[in-house]
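Engineer: I would like the atomic coordinates for the input below:
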Amino acid sequence: MFLRILARPLYNKNMWRLRTVLEFEVIVSPGEIESSTAIFKIFPIDSRNTDSAQDIPKTIRYCDVMLRQDLDDIYEAFSLLYNEVNSFLDRLSVVSYGSGRIAHILSICPTSVFPGQEFDIAIPQFSIHRETRPIKLESLHLESEFTPEQQRWSRLLRNGLSSLSEEEKYINYYSLLEEIARQESEENIVTKCTNPECLKEVDTGRKATNKFIKGIF
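Structural biologist: Numbering: from 1, shown residues only. Presented below is the predicted three-dimensional model:
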């Protein structure tokens, strides 16, 4: 199915928009709803934005969520918006007593930019389906044991690859990157005294994992 992404109404120029496809057990009416932290816009998948609208059930909707916060970092914006969508689904499940999930993440970008202005946008890579191939048992090299650290890494990777849930994949992959960042990052978090007469910098001794992970992304 080929999706033609529609332009939606724009809001504050400093806001970020995460576009997803949500799948519900109930039929959610299209519309817009706001919280103190985000604006949610639910709209149908129809002939205006897909070539196969007649095959899409009404339990599947597009969802645009806009963050009510000025941020420069697309990575931080994605984390906050991803959490907002899941909180929305949690509340919907309580009200409707029906399941809901993120079926697809389509993109994250600013809601608006000035003409000619450069901006960040992130879209998922295409899924690559590998051909099934035989694996020889000796290729596992069981005689070479994993360290406890390597065992944690491999468990997180396997759980991420095996999960059917977008949320579980995100949690496992992020945790894996955070583990690697703690091991590989050479930079610690440095705090600065807020007193204008001091401004002394103090090394906390904790690894700057967020900065390392942002570099990976």
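
Engineer: every contact and neighbour count from this point should use C-alpha atoms.
Structural biologist: Will do.

Engineer: summarise which helices and strands the longest strand seen in the chain is packed against.
Structural biologist: Ranked by residue count and defined by DSSP state E, the top strand of the chain is strand 100-110. Judged by 3 or more CA pairs under 8 Å, 6 or more residues apart in numbering; DSSP states H and E, strand 100-110 is in contact with strand 16-24, helix 74-96, helix 166-184.

Engineer: mind checking the SS state of Arg61?
Structural biologist: Assigned by DSSP: H, G, I helix; E, B strand; the rest coil, the conformation of Arg61 is strand.

Engineer: and it, bridged to which residues?
Structural biologist: Leu22, Pro44 (DSSP bridges).

Engineer: how about the one 4 residues further on?
Structural biologist: With DSSP bridges applied, the residues forming beta bridges to Val65 are Leu18, Phe40.

Engineer: tally of neighbours for it?
Structural biologist: 27 (other CA atoms under 10 Å).

Engineer: pretty sure it contacts Val21?
Structural biologist: No: Val65 is beyond contact range of Val21, at 11.2 Å (criterion: CA atoms under 8 Å).

Engineer: need the helices and strands packed on strand 100-110 in a markdown table (columns: distance to Pro148, mean neighbour count and mean pLDDT).
Structural biologist: Output for the helices and strands packed on strand 100-110, formatted as a markdown table (distance: least, CA to CA, whole Å; neighbours: other CA atoms under 10 Å; pLDDT from 0 to 100):
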| stretch | distance to Pro148 | mean neighbour count | mean pLDDT |
| --- | --- | --- | --- |
| strand 16-24 | 37 | 23 | 90 |
| helix 74-96 | 28 | 16 | 87 |
| helix 166-184 | 12 | 17 | 81 |
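
Engineer: which one of those lies closest to Lys41?
Structural biologist: Nearest to Lys41 among the helices and strands packed on strand 100-110 is strand 16-24; the distance by CA to CA comes to 9.6 Å.

Engineer: got the CA coordinates for the helix or strand just after the closest one in CSV?
Structural biologist: Toward the C-terminus, strand 16-24 is succeeded by strand 31-34 as the next helix or strand (DSSP states H and E). Written as CSV, here are the backbone C-alpha positions of strand 31-34 (Å, rounded to 0.1, in the frame of the first residue of the first chain):
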residue,chain,number,x,y,z
GLY,A,31,-11.5,14.7,15.5
GLU,A,32,-9.1,16.7,17.7
ILE,A,33,-8.5,16.6,21.4
GLU,A,34,-6.0,18.5,23.6
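
Engineer: buried stuff in strand 31-34?
Structural biologist: When burial is assessed from 16 or more other CA atoms under 10 Å, strand 31-34 yields no buried residues.
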